[in-house]
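K.L.:
task: produce atomic coordinates for the following.
(chains A and B)
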Protein chains: 2
Amino acid sequence: MPVGTKGTVKGLTAGDLHSTGIGVVLGNTYHLYLRPGADLIREVGGLHAFTGWEGPMLTDSGGYQVFSLARRRKISERGVEFSSVYDGSSHFFTPELTTRVQQDLGADVAMVLDECPPANASREYHANSLRRTARWAKRCKEAHSRQDQALFGIVQGGLYPDLRKESLRRTLELGFSGYAVGGLSVGEPREEMLQTLAAVAPKLPDEKPRYFMGIGDPVGILQVVALGVDMFDCVLPTRLARHGAALTAGGRVNLKNASYRRDFGPLDPECSCEACNSYSRAYLSHLVRENELLAHRLVTLHNVHFVGELCRQARAAIFEGCYEEFMKARIACYGDPAGRVAFRHGLMDAIIRQRRND
Amino acid sequence: MPVGTKGTVKGLTAGDLHSTGIGVVLGNTYHLYLRPGADLIREVGGLHAFTGWEGPMLTDSGGYQVFSLARRRKISERGVEFSSVYDGSSHFFTPELTTRVQQDLGADVAMVLDECPPANASREYHANSLRRTARWAKRCKEAHSRQDQALFGIVQGGLYPDLRKESLRRTLELGFSGYAVGGLSVGEPREEMLQTLAAVAPKLPDEKPRYFMGIGDPVGILQVVALGVDMFDCVLPTRLARHGAALTAGGRVNLKNASYRRDFGPLDPECSCEACNSYSRAYLSHLVRENELLAHRLVTLHNVHFVGELCRQARAAIFEGCYEEFMKARIACYGDPAGRVAFRHGLMDAIIRQRRND
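P.N.:
Next up, the predicted model:
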């Protein structure tokens, strides 16, 4: 899911998004609640009508932004008070409010309000937090009334396997249309992230979507998919694009690099997006150097298309029963050092073996 | 001609430009010479190949930027020395060099190097300058060798009818594939601009394109077309767009205006561009407020499309023999105060009558 922070995946039209073949767009409740306001979006018929994107859409609860952006915030059992990143004004998110706001936004999937504690929070903090998150999830479910909108629960618990299990149990008890794993990919080593996910993912119901919150690098995507994840989101592909870095089958291409100034070949020879079809690396490199709008637009289009294509190929490999081979070949080709390390340690092999035995 | 300053009409792809139906794109020799360099663009086969725009293209000589952007410059008979707006480095443009650079860029139309003196320059300065511009034009013509590229001369002479006539005579004597009128729309009152143009335009050969340099507001376009102009360029439509102002049949729409926040109608109901077809004023207004890339892109697309459509309608009205009525109706509808003033003074009527009698 590319992230359409403020009702737009930066630089792309709904038509562009359609052309990339991506399945779901994520909207940020935090931003849309503050600007232009959920009442305005409800008035026009929801986020689909407002943005022109007719495909599936998911909104987060806004919790992550409250915890990562707010200069000051105060959590209580009732909810979380925070100051707006736009104008410092004070707001109070409760499970009931974020549910109502998401119903106004009208995405196909809404998320429960959760707390995403900092990576270095104590075990005790995580334990208390996941229990409050479970109580909030219950209130979200009770407040949720739209029949045409799914509501997903979120499993927290930091890097503690037993706390993850507790959060999983509490969330499954409530029962949701889909389950997310949150609080990972927030600064911890990739190995710990994968091990924690591996302890949770196999216990999520097979028939419900599994959403890993916050991963978008190609190697990471391939790894969480290996662990059974169906959905994921991240600003990485679009943010990288605005810094002139393209995701390609051969690894990241930093278009500011001098070697691309006279490189008249396509950005990614294996890609069929408009940026790769119609323009050269030399032209894109020129646009990036000059900080041109078209650079941001075309590289964003490419990166979203790249991730969409990676997912289509992954899905095909799963159906063909050759996902592990596919993943290893793609990661080797991509040449990501972090991915290689994980492979050198045999971690993924061990995780996959373990998953088979579960 | 929308202006593709640095090899891109800001935010638009070649495909977008094609969809607007505009006839010619202008490239800035000054910027392209400095970044990425004419040698690189020649190497890839010219500006068409580099930018992906396969339609007609015109490059200016770079002179206007030298005279308007350079922090320091020194004009001599041989050429003009200036410091780069990018890094302050020193460069020397001669008629021969700007012609060679434009041949490397390979647009369909190249322009002679001229001096565009400041609006407040003395009569004596203008007289000397237009004579030097004529000598430079001769050198450009001698240096120009591409058979697949037209070279246009430029008439200067400030607001002095006799100097304009002298420049016209000198330029016509040299003989070019087309003729531009330069040095107008540089800060003088619109009435003086039109009167000066009216003194020159009817004397330009009917069978050659007539290019008015630097006008892009709808009323101004309609007025110079009434005086026989075929081509014009200006950054106005694209620059306005990046400030959130849209050109519409009913006048300028400043999307930052609070009244558009809940305006769920199209930007311009008469327009068929993607911005008007697929999005509401409320959505565009939200994007403009949030300074989103997509705002710049969509409003730019609309403004270029609007000017293209205005030109198509003007052309049709000319062929149907009802241009004056068309122009007056459009200006009245557009509601531009400057245009009304010109009409109140009967200026345009007088000019058009005079032209008929010439």
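K.L.:
so who does A:Ala70 touch?
P.N.:
A:Phe82, A:Ser83, A:Val85 (Cβ atoms under 8 Å, 6 or more residues apart in numbering or on different chains). C-betas here are computed from N, CA, C, even on glycine.
K.L.:
return the member of the residues you listed nearest to A:Glu207.
P.N.:
Distance ranking of the contacts of A:Ala70 against A:Glu207, using Cβ to Cβ, places A:Phe82 first at 36.0 Å.
K.L.:
how many neighbours does that closest one have?
P.N.:
Using other Cβ atoms under 10 Å in any protein chain shown, A:Phe82 is surrounded by 24 other residues.
K.L.:
any idea which helix is longest in chain A?
P.N.:
The helix spanning the most residues in chain A, taking DSSP state H as the definition, is helix A:293-320.
K.L.:
was I right to think A:Phe294 contacts B:Gly7?
P.N.:
Quick fix: residue A:294 is Leu, not Phe. No - the criterion here is Cβ atoms under 8 Å, and A:Leu294 misses it with B:Gly7 at 9.3 Å.
K.L.:
hmm, which helix or strand of chain A has the shakiest average pLDDT?
P.N.:
helix A:337-344 (a mean of 55; mean pLDDT, DSSP states H and E).
K.L.:
hang on, the earlier thing: for chain B, state which of the contacts of A:Ala70 is nearest.
P.N.:
Closest approach to chain B among the contacts of A:Ala70 (Cβ to the nearest Cβ): A:Val85, at 12.1 Å.
K.L.:
which pLDDT value goes with the closest residue to the closest one other than its chain neighbours?
P.N.:
Leaving aside its chain neighbours, A:Val85 sits nearest to A:Leu69 (4.7 Å; criterion: Cβ to Cβ, 6 or more residues apart in numbering or on different chains). The model reports A:Leu69 with a pLDDT of 84.
K.L.:
burial of A:Ser167, as a residue count?
P.N.:
The number of residues packed near A:Ser167 is 30, by other Cβ under 10 Å.
K.L.:
up against chain B, what does chain A have?
P.N.:
Residues of chain A found near chain B (Cβ under 8 Å from any Cβ of the partner chain) are A:6-8, A:10-15, A:35-36, A:40, A:43-44, A:50-52, A:261-262, A:264, A:274, A:278-280, A:282-283, A:286-287, A:289-290, A:292-294, A:296-298.
K.L.:
and these, which are buried?
P.N.:
Buried subset of the residues of chain A next to chain B (neighbour count, 16 or more other Cβ atoms under 10 Å in any protein chain shown): A:6-8, A:10-14, A:35-36, A:40, A:44, A:50-52, A:261, A:274, A:279-280, A:282-283, A:286-287, A:289-290, A:292-294, A:296-298.
K.L.:
could you report the neighbour count for the residue lying closest to A:Glu188 once chain neighbours are set aside?
P.N.:
Leaving aside its chain neighbours, A:Glu188 sits nearest to A:Ala119 (5.3 Å; criterion: Cβ to Cβ, 6+ apart). The number of residues packed near A:Ala119 is 14, by other Cβ under 10 Å.
K.L.:
before we move on, what about A:Asp206?
P.N.:
Neighbour count for A:Asp206, taken as other Cβ under 10 Å: 7.
K.L.:
now do stretch A:83-101, average pLDDT.
P.N.:
Mean pLDDT, stretch A:83-101: 96.
K.L.:
what about that stretch, start to end distance?
P.N.:
17 Å (Cα to Cα, to the nearest Å).
K.L.:
out of everything not next to it in sequence, what's closest to A:Ser177?
P.N.:
A:Ala150 (3.8 Å).
K.L.:
okay, which residue is most central for chain A?
P.N.:
Residue closest to the average C-alpha location in chain A (Cα atoms, centre = their mean): A:Asp233, at 1.4 Å.
K.L.:
any idea how far A:Glu188 is from it?
P.N.:
18 Å (Cβ to Cβ, to the nearest Å).
K.L.:
check A:Thr99 too.
P.N.:
Using Cβ to Cβ, A:Thr99 is found at 29 Å from A:Glu188.
K.L.:
more crowded one of those two?
P.N.:
Ranked by neighbour count (other Cβ under 10 Å), A:Thr99 and A:Glu188 place A:Thr99 first, with 27 against 16.
K.L.:
which secondary structure elements does the host helix or strand of the more buried one contact?
P.N.:
Using DSSP states H and E, A:Thr99 sits within helix A:95-105. Secondary-structure packing of helix A:95-105 (3 or more Cβ pairs under 8 Å, 6 or more residues apart in numbering or on different chains; DSSP states H and E): helix A:29-34, helix A:38-44, strand A:109-111, helix A:123-143.
K.L.:
state the mean pLDDT of stretch A:301-312.
P.N.:
Rounded mean pLDDT across stretch A:301-312 is 97.
K.L.:
what does that stretch contact?
P.N.:
Counting by Cβ under 8 Å, 6+ apart, stretch A:301-312 makes contact with A:2, A:9, A:11-12, A:16-17, A:19-23, A:216, A:218, A:221-222, A:237-238, A:240-241, A:246-248, A:267-268, A:271-276, A:330, all of which sit outside it.
K.L.:
buried ones among these?
P.N.:
By 16+ other Cβ under 10 Å, the contacts of stretch A:301-312 give A:2, A:9, A:11-12, A:16-17, A:19-22, A:216, A:218, A:221-222, A:237-238, A:240-241, A:246-248, A:267-268, A:271, A:273-276, A:330 as buried.
K.L.:
sort out for me which of those are in helices.
P.N.:
Those of the buried ones among the contacts of stretch A:301-312 lying in helices (DSSP H): A:16-17, A:19-20, A:218, A:221-222, A:237-238, A:240-241, A:274-276, A:330.
K.L.:
list just the nearest of the residues you listed to A:Leu113.
P.N.:
A:Thr238 (24.7 Å).
K.L.:
for that closest one, which non-adjacent residue is closest in space?
P.N.:
With Cβ to Cβ, 6+ apart, the residue lying closest to A:Thr238 is A:Thr300, at 5.2 Å.
K.L.:
and the one you found, what does it touch?
P.N.:
A:Val9, A:Lys10, A:Gly11, A:Leu12, A:Pro237, A:Thr238, A:Ala241, A:Arg242.
K.L.:
I figured A:Ala137 hits A:Pro95, correct?
P.N.:
Yes - A:Ala137 is in contact with A:Pro95 according to Cβ under 8 Å; the separation is 7.5 Å.
K.L.:
overlap in contacts, the two.
P.N.:
A:Val112, A:Leu113.
K.L.:
Throw the contacts of A:Ala70 into CSV and include secondary structure and distance to B:Thr133, thanks.
P.N.:
Formatted as CSV, the contacts of A:Ala70 follow (DSSP: H, G, I helix; E, B strand; the rest coil; distance: Cβ to Cβ, whole Å):
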residue, secondary structure, distance to B:Thr133
A:Phe82, strand, 63
A:Ser83, strand, 60
A:Val85, coil, 54
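K.L.:
and those residues as CSV, adding distance to B:Glu207?
P.N.:
Compiled in CSV, the contacts of A:Ala70 are given as follows (distance: Cβ to Cβ, whole Å):
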residue, distance to B:Glu207
A:Phe82, 70
A:Ser83, 68
A:Val85, 62
